[in-house]
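> What shape does this take:
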Amino acid sequence: MLSPVLRNVTEPDLDGFVGALRPTRTALLSIALTLLLGVGGLVAARPAGAQEPERDRVNDRLGDQPAAWNDGPSLDVARAAIRARRLGRDNDLERFSAYAEGQVHYLAEYGDQLQDQAVRSDRIALELRWRRGVGSLQTIVGRRHVSWMPTTVEYHIDHLSLVVENFGDRIHIGDGDEVRDVLNPVAPGALDFYEYRLVDSLSMRINDRLTELYRLKVRPRDMDRPGVVGTIDVERRSFAVVRLAVTFTPSSYVDPTVRSVSVDLQNALISNRVWLPAEQHTEVRRQMRFLDLPFGGTIRTSFHVLNWDLDPPKNAWIPMGHRVQAVNDHDLKTYVGWLTWDPDGDPEELRADSALFENIRAEAVRVVRGHYLGGTSRLRLDVPSFSSLVRVRRAEGVFSGLGARYDLDGHWTARVHGGYAFGAKHGEVQGGLDATFGDLRFGFEAWFDRPADVGPWDAASGFLSTGGAVFRGEDYLDPYFERGGRVWVARPIGGGTAKLALASARQESAEIHLDPLGDDLPRYILPIQVGRDTRVTVSFDRELAPLAGSKLHLGADVDLAAFGDFDYTRWVFDFTATPTEPDATWGWEGRGGIGLVTGNRPIQRTLRFGGRGTVPGYQFRRFNGEQVAFVNLALSRSLFHPWFRLRALGALGWSHVDDDVVRMVGLVPGNPIEYATPDTGGLRPALGGGVSLVYDLVRLDVARGLDDGIWEWTLSVNPQFRAPL
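Residues are numbered from 1 along each chain as shown. Next comes the predicted model:
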């Protein structure tokens, strides 16, 4: 039996390309979690019609009633697929060659706000030559990559190539460092180890050919043993495996930091003769075993075989065994034979991959009937952000907290987080329960003395907010406290995600409980209107395909309040534009927002903007209004990639309020004079410039408001990477 893992690799062939091939845990501890998964399969079958007697016997036993686990028809299909795979090695194919192109994405999961944030994307072109009884040679002929932030991710060699001759009887992934020695569900002996259930008969168009399939669910008889969980699609004529979409039981994972591994292998009947690989998708998700940090590392590979040749030249040299080599660095970088569009970090491509693997995991959860499938511990310490662990705020003083997360099963997750604000001398607690069923997500949560921000547009990361509070008494928030809860439901709609929530909370004003280290006094805290705010919130967000070198993210939040102490509506729309290629010489990005508030709106639901995060060059959140609009754009040029970029800034803001809002916001007792300017009184422009450093992670800007503005210096973190801070 040929090994499914490409172990016989000649190191000199890969010098300067792959580097070290063993994963390191240091990268995990330094956020750049390292791993790359690449699996593939080749399931050969006899030509159509070669097993017609067995096919007819099996088909005759299949009735219209739903099959049960391990009933006669289910086992007949599984047994026929195992036999077809074994006999498929005896077809008349002596040699073939193929050409494939693939994408390898390294993604950072930054909490719920920024799933699938691309950190690095590699594009790979490879040529495969195979000969029966001898082996195969894969040559990586093209490679390019783009990085959005520093990373030391290291790749196993089988992540950068196709797996030939299927998985073999035993499945190994990541050179056996992630998954090792798992029995293939269509290997000899699998009938005694796995359970099978025939769930569907369907038709699928594969390479312009309508193919009739059986779909089998598969799971281990003992869920505590290493095994696969998922579905197998089997062609009805030859019983060849057409698609294998599975994940694994927790005991399958060798490395305890592996949270899940998902595999989707799709094969095609080539020249009506033999089944060969067509598409190969894999995903490895990693996280600390006992600590649920606000980020995780995900490696996704996606290979598409574009050309097959079943009669290549016989004199082409092929080594004994399976080997991978690469051409020299210069030829890799200058390769021009690409046949597919290059979607490095494209949001549509990443969203499609996310949906594919979410469906595989969701189907696996249904197959195992509520068993826990995660590779990490079910109970973990939970740190939603570093600011939830420790922070300094004007209204709290020093805050320290910690949380816990428990995965009940594949659907339900419980979370709780609590801490103590030493300046305000009170505790803060929040917790909830959420669930995922296919595309549908829902949950409920409750909180006690949780801080909230008037906003609605955030201005700084939690880390810089703490630094500003400690040294200048400015945390870039307008805080108040809430006690209440909400229920919510979310699902994908129209290429984005829609969310509906019902919340009810009693809101109270905050007070200053901080003495900064510097000479500056803490900024005044805006008093709010005390009362219960009960509202329905409808949200929608979507990331669009790149436009003029930047990808766009659109968001909308609509609040409708009518059942509590306030009666109002608030409509907030925003967009962000971020560069698709950080190594491009020129790039642009932007942020903009539109807001509208009506009715008996309390102070805490007004629209405040100005200064950092919206229109720089004016006092922080100097303006507010019933109608608000602003746009903030930046044009940048790389001078020494990835270390240094120059930035040119421009912003424009406008707002309008009525007299009652002037009295409500501007004439609160003790309110300093700067809060008595409720609207912009026309357009307020600003211009500025700055630099960005180290993959555009850290920015230093200066801007001046051109209409009664100020000079404002701003140190900030790229907004794409604020969530975990």
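> Could you identify the longest helix within this structure?
helix 347-368 (DSSP state H).
> Which strands or helices does it pack on?
Packing contacts for helix 347-368, counted by 3 or more Cβ pairs under 8 Å, 6 or more residues apart in numbering; DSSP states H and E, involve strand 95-110, strand 114-131, strand 209-220, strand 228-235, strand 241-248, strand 258-270, strand 274-286, strand 295-309. Where C-beta positions appear, they are placed from N, C-alpha and C, glycine not excepted.
> hmm, try it at 7 Å
strand 114-131, strand 209-220, strand 228-235, strand 241-248, strand 258-270 (3 or more Cβ pairs under 7 Å, 6 or more residues apart in numbering; DSSP states H and E).
> Quick check: mean pLDDT of that helix?
Averaged over helix 347-368, pLDDT sits at 81.
> now do stretch 203-211
69.
> next helix or strand past the longest helix of the chain?
strand 379-382 (DSSP states H and E).
> Could I get the buried residue list for that following strand?
380, 382 (16 or more other Cβ atoms under 10 Å).
> Which strands border it, and is each parallel or antiparallel?
strand 291-292 (parallel), strand 397-407 (antiparallel) (DSSP bridges).
> could you give the angle of the longest helix of the chain to strand 95-110?
90 degrees (axes from the mean of the first three to the mean of the last three Cα atoms, to 10 degrees).
> Can you get me a residue count around the residue nearest to residue 526 when sequence neighbours are not counted?
Counting by Cβ to Cβ, 6 or more residues apart in numbering, residue 478 is the residue found nearest to residue 526 once chain neighbours are left out, at 5.1 Å. Neighbours of residue 478 under the rule other Cβ atoms under 10 Å: 25.
> Does residue 478 touch residue 454 like I think?
Yes: the pair residue 478 / residue 454 is scored as a contact, 3.8 Å apart, by Cβ atoms under 7 Å.
> what's the overlap in contacts for these two?
By Cβ atoms under 7 Å, 6 or more residues apart in numbering, residue 478 and residue 454 have these common neighbours: 526, 608.
> Would you map the helices across the chain?
Using DSSP H, helices in the chain cover 26-29, 52-61, 72-87, 190-193, 329-333, 347-368, 386-389, 462-472, 659-661.
> mind putting those helices in TSV, mean neighbour count and distance to residue 270 included?
Rendered in TSV, the data for those read as follows (neighbours: other Cβ atoms under 10 Å; distance: least, Cβ to Cβ, whole Å):
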stretch	mean neighbour count	distance to residue 270
helix 26-29	15	39
helix 52-61	13	20
helix 72-87	20	16
helix 190-193	15	26
helix 329-333	12	28
helix 347-368	18	23
helix 386-389	19	52
helix 462-472	19	54
helix 659-661	13	70
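> closest to residue 302 out of those helices?
helix 347-368 (6.5 Å; Cβ to Cβ).
> could I get that closest one in PDB with only the CA atoms?
The C-alpha trace of helix 347-368 is given here as PDB (Å, rounded to 0.1, in the frame of the first residue of the first chain):
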ATOM      1  CA  PRO A 347     -13.900  38.200   0.000                       C
ATOM      2  CA  GLU A 348     -16.300  36.400  -2.300                       C
ATOM      3  CA  GLU A 349     -13.800  33.500  -2.600                       C
ATOM      4  CA  LEU A 350     -13.200  33.400   1.200                       C
ATOM      5  CA  ARG A 351     -17.000  33.600   1.900                       C
ATOM      6  CA  ALA A 352     -17.600  30.700  -0.500                       C
ATOM      7  CA  ASP A 353     -14.900  28.600   1.200                       C
ATOM      8  CA  SER A 354     -16.400  29.500   4.700                       C
ATOM      9  CA  ALA A 355     -19.800  28.300   3.600                       C
ATOM     10  CA  LEU A 356     -18.400  25.100   2.200                       C
ATOM     11  CA  PHE A 357     -16.700  24.100   5.400                       C
ATOM     12  CA  GLU A 358     -19.500  25.300   7.700                       C
ATOM     13  CA  ASN A 359     -21.800  23.000   5.700                       C
ATOM     14  CA  ILE A 360     -19.400  20.000   6.200                       C
ATOM     15  CA  ARG A 361     -19.200  20.700   9.900                       C
ATOM     16  CA  ALA A 362     -23.000  21.200  10.200                       C
ATOM     17  CA  GLU A 363     -23.700  17.900   8.400                       C
ATOM     18  CA  ALA A 364     -21.200  16.100  10.600                       C
ATOM     19  CA  VAL A 365     -23.000  17.400  13.700                       C
ATOM     20  CA  ARG A 366     -26.300  16.000  12.400                       C
ATOM     21  CA  VAL A 367     -24.600  12.700  11.600                       C
ATOM     22  CA  VAL A 368     -23.300  12.100  15.100                       C
END
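> Give me the distance from it to the chain's centre.
11 Å (Cα atoms, centre = their mean, to the nearest Å).
> now it against strand 241-248, angle please.
80 degrees.
> quick one: helix 347-368 to strand 274-286, angle?
90 degrees.
> which residues sit against helix 347-368?
Against helix 347-368 from outside (Cβ under 7 Å, 6+ apart): 105, 116, 118, 217, 219, 223, 229-231, 245, 247, 260, 262, 264, 281, 283, 300, 302, 343, 373, 410-411, 438, 543-545, 551.
> The same query, at a cut-off of 6 Å, please.
Contact with helix 347-368 is made by 116, 217, 219, 229-230, 245, 247, 262, 283, 300, 343, 410, 438, 543, 545, 551, as judged by Cβ atoms under 6 Å, 6 or more residues apart in numbering.
> Among these, show me the least confident.
Pick the lowest pLDDT in those and you get residue 343, at 59.
> Report the residue spans of the stretch 351-500 of the chain with pLDDT below the cut-off.
Flagging of the stretch 351-500 of the chain using pLDDT under 70 yields an empty set of residue ranges.
> mind redoing it with 90?
For the stretch 351-500 of the chain, the stretches with pLDDT under 90 are 351-386, 388, 405-412, 435-440, 455, 461-463, 472, 492-496.
> quick one, what contacts residue 132?
Neighbours of residue 132 in contact, by Cβ under 6 Å, 6+ apart: residue 94.
> go on, residue 460?
residue 476.
> same check, this time on residue 287
Contacts of residue 287 by Cβ under 6 Å, 6+ apart are 259, 296, 376.
> same check, this time on residue 424
Contacts of residue 424 by Cβ under 6 Å, 6+ apart are 396, 513.
> Tell me how far residue 339 lies from residue 273.
23 Å (Cβ to Cβ, to the nearest Å).
> any idea how far residue 231 is from the nearest residue to residue 395 once chain neighbours are set aside?
Among residues not flanking residue 395 along the chain, residue 510 sits closest, at 3.7 Å (Cβ to Cβ, 6+ apart). Relative to residue 231, residue 510 is positioned 53 Å away (Cβ to Cβ).
> Residue 448 versus the residue nearest to residue 526, what's the distance?
For residue 478 relative to residue 448 (Cβ to Cβ), the value is 21 Å.
> Out of the contacts of residue 287, flag the one nearest to residue 701.
Taking Cβ to Cβ as the measure, residue 701 lies nearest residue 296 of these, at 30.7 Å.
> Do I have it right that the closest one meets residue 109?
Yes: if you go by Cβ atoms under 6 Å, residue 296 and residue 109 touch, sitting 4.2 Å apart.
> coming back round to it: arrange the helices of the chain in JSON lines, one row each, with distance to residue 502 as further columns.
Listed next are these as JSON lines, based on distance: least, Cβ to Cβ, whole Å:
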{"stretch": "helix 26-29", "distance to residue 502": "39"}
{"stretch": "helix 52-61", "distance to residue 502": "52"}
{"stretch": "helix 72-87", "distance to residue 502": "44"}
{"stretch": "helix 190-193", "distance to residue 502": "47"}
{"stretch": "helix 329-333", "distance to residue 502": "54"}
{"stretch": "helix 347-368", "distance to residue 502": "25"}
{"stretch": "helix 386-389", "distance to residue 502": "25"}
{"stretch": "helix 462-472", "distance to residue 502": "27"}
{"stretch": "helix 659-661", "distance to residue 502": "27"}
